[in-house]
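S.K.: okay, predicted coordinates and the sequence, questions at the end:
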Amino acid sequence: QVQLVESGGGLVQPGGSLRLSCAASGRTFSTYVMGWFRQAPGKEREFVAAISWSGGTYYVGSVKGRFTISRDNIKNTVNLQMNSLKPEDTAVYYCAARLGSGSSYYTHDYDYWGQGTQVTVSS
């Protein structure tokens, strides 16, 4: 069983930055693919970024160049640094873990989910 706990959400002005963190349990964290997804009101949950066990990163086009995903396999954490935030980035952000091999953009490929943390970008 893997437990994921997100932190770092909040209210920020457009153009500002936030850093989300996800703490994971599990002795084999270094083998998981870790992802961040988000869900805005009335919309489907969507892929934001993922990082493989070897550090390969993947992003949705709308956040490339603004968001950076990273992981620390000693501390069992994955982070999402979000810069140049826009109102359209407002959503609940979820951390997810995939036990299978290969990164994925699809929610159904991830096995464990955190409870989510709210990010609101507004002036």
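M.R.: Sure, I can see it.
S.K.: just checking, next helix/strand downstream of the host helix or strand of E6?
M.R.: Element membership of E6, judged by DSSP states H and E, is strand 4-7. Later in the chain than strand 4-7, the nearest helix or strand by DSSP H and E is strand 10-12.
S.K.: contacts for the next helix or strand after that following strand, please.
M.R.: Going down the chain from strand 10-12, the next helix or strand is strand 18-24, by DSSP H and E. Applying Cβ atoms under 8 Å, 6 or more residues apart in numbering, the external contacts of strand 18-24 come out as 2-10, 12, 32, 34, 36, 75-82, 85, 93, 95, 97, 114, 117, 119. From N, CA and C alone the C-beta is placed, and that goes for glycine too.
S.K.: quick one, phi/psi of S103?
M.R.: phi -70, psi 160 (degrees, to the nearest 10).
S.K.: so which strand or helix has the closest residue to it other than its chain neighbours?
M.R.: Distance criterion Cβ to Cβ, 6 or more residues apart in numbering; nearest residue to S103, sequence neighbours excluded, is A50 at 4.5 Å. Secondary structure from DSSP H and E places A50 in strand 46-51.
S.K.: and the pLDDT at S103?
M.R.: What the model reports for S103 is a pLDDT of 85.
S.K.: oh, and call the first residue 22 from now on, that's how I've got it
M.R.: Yep, numbering from 22; the last one is S124 now.
S.K.: quickly note the distance from it to G86.
M.R.: Noted for S124: a distance of 19 Å to G86, by Cβ to Cβ, to the nearest Å.
S.K.: which one of the two is surrounded by more residues?
M.R.: Between S124 and G86, S124 has the larger neighbour count (other Cβ atoms under 10 Å), namely 19 against 10.
S.K.: am I right that that one is in contact with S73?
M.R.: Yes. S124 is within contact range of S73, at 5.2 Å (criterion: Cβ atoms under 8 Å).
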